[in-house]
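Participant: The following comprises the amino acid sequence and a computationally predicted model.
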Amino acid sequence: MDGGRVNQKRRTRTAIVTAATELVRDGRTVTMPEVAKAAEVSEATAYRYFPDLASLLREAVAGTLFDPAEALAPFAGRTDPVVRVAAATEHLLRHVLTHEGAVRAMIAATITRPADPTARPGLRFGLIDAALAPPAELGGLDERALAQLKRDLAVVMSAEALFGLTDLHGLPAGEAVESIVHTASVLTRAAVGAGPAGRS
């Protein structure tokens, strides 16, 4: 009997995660009521397995995340950090647009929990590190200046920046992506200057 209950709980949990994952992959808005409906369970049941939407989303989006090195693989031989940062920025923002419903839900579910750094994936940081790692030629950029550039890029290369341009400024998604890529490129070019890092 106990084994049957354990198996049933496992099936229910799997059904909830699968329903959330499908909503994410379909680009739909992800809420706990929608997940419960898709999983054919009550909302109260969904909350028994996942105390909040953020904890469910962390598991549901796991299969949609990407490896920064793989994302930049087409630019593995490029040494110009401006080119690499532009590619990383566009890759991230296209990913955000593909999974917009889940990203918005994750931001909404975690914005009031700044003390939990694991609540959101933070893909931008890995991409920034990969874009500015060898073979990128950073010229005379010292450790302190590199750290500052990474912080500057983290502000720009973000879903929040993208949604600010689309929601508040009214830009079409494609134009918003182009604007952010431009800004990230300008920041990088200004930081590395016109020395060796300016060549590819």
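Facilitator: Great, that's in hand. Numbers count the residues shown, from 1 in each chain.
Participant: Other residues contacting stretch 18-33?
Facilitator: 34-36, 38-39, 43, 46-47, 50, 53, 56-57, 59-61, 63-64, 98-102, 104-105 (CB atoms under 8 Å, 6 or more residues apart in numbering). Any C-beta I mention is one placed from the backbone N, CA and C, and that applies to glycine too.
Participant: ok, 10 Å please
Facilitator: Residues outside stretch 18-33 that contact it (CB atoms under 10 Å, 6 or more residues apart in numbering): 16, 34-44, 46-47, 50, 52-53, 56-57, 59-64, 97-106, 108-109.
Participant: Check stretch 160-171 too.
Facilitator: By CB under 10 Å, 6+ apart, stretch 160-171 touches 89, 92-93, 96-97, 100, 103-104, 107, 111, 124, 155-156, 158, 172-180, 183-184.
Participant: quick one, what contacts the most centrally placed residue in the chain?
Facilitator: Residue closest to the average C-alpha location in the chain (CA atoms, centre = their mean): Leu123, at 4.5 Å. By CB under 10 Å, 6+ apart, the contact list for Leu123 reads 65-68, 71, 88, 91-92, 95-96, 103, 157-159.
Participant: Recalculate using a threshold of 7 Å.
Facilitator: By CB atoms under 7 Å, 6 or more residues apart in numbering, the contact list for Leu123 reads 65, 92.
Participant: measure Ala46 to Ala71 for me?
Facilitator: 32 Å (CB to CB, to the nearest Å).
Participant: typed the wrong thing, it's Val85
Facilitator: 12 Å.
Participant: What of Thr12?
Facilitator: Taking CB to CB, one finds Thr12 at 35 Å from Ala71.
Participant: Buried ones in stretch 96-103, by neighbour count?
Facilitator: Neighbour counts over stretch 96-103 (16 or more other CB atoms under 10 Å) mark 96-97, 99-103 as buried.
Participant: Which member of those is positioned nearest Leu132?
Facilitator: Val96 (20.4 Å; CB to CB).
Participant: which intervals of this structure have sub-threshold pLDDT?
Facilitator: 1-3, 113-119, 194-200 (pLDDT under 70).
Participant: can you pull out the helices in it?
Facilitator: 2-25, 32-39, 43-49, 53-60, 68-71, 81-98, 100-110, 123-131, 143-156, 159-163, 173-192 (DSSP state H).
Participant: now these in JSON lines, with distance to Glu137?
Facilitator: Below are these laid out as JSON lines (distance: least, CB to CB, whole Å):
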{"stretch": "helix 2-25", "distance to Glu137": "38"}
{"stretch": "helix 32-39", "distance to Glu137": "47"}
{"stretch": "helix 43-49", "distance to Glu137": "49"}
{"stretch": "helix 53-60", "distance to Glu137": "36"}
{"stretch": "helix 68-71", "distance to Glu137": "18"}
{"stretch": "helix 81-98", "distance to Glu137": "7"}
{"stretch": "helix 100-110", "distance to Glu137": "32"}
{"stretch": "helix 123-131", "distance to Glu137": "12"}
{"stretch": "helix 143-156", "distance to Glu137": "12"}
{"stretch": "helix 159-163", "distance to Glu137": "26"}
{"stretch": "helix 173-192", "distance to Glu137": "8"}
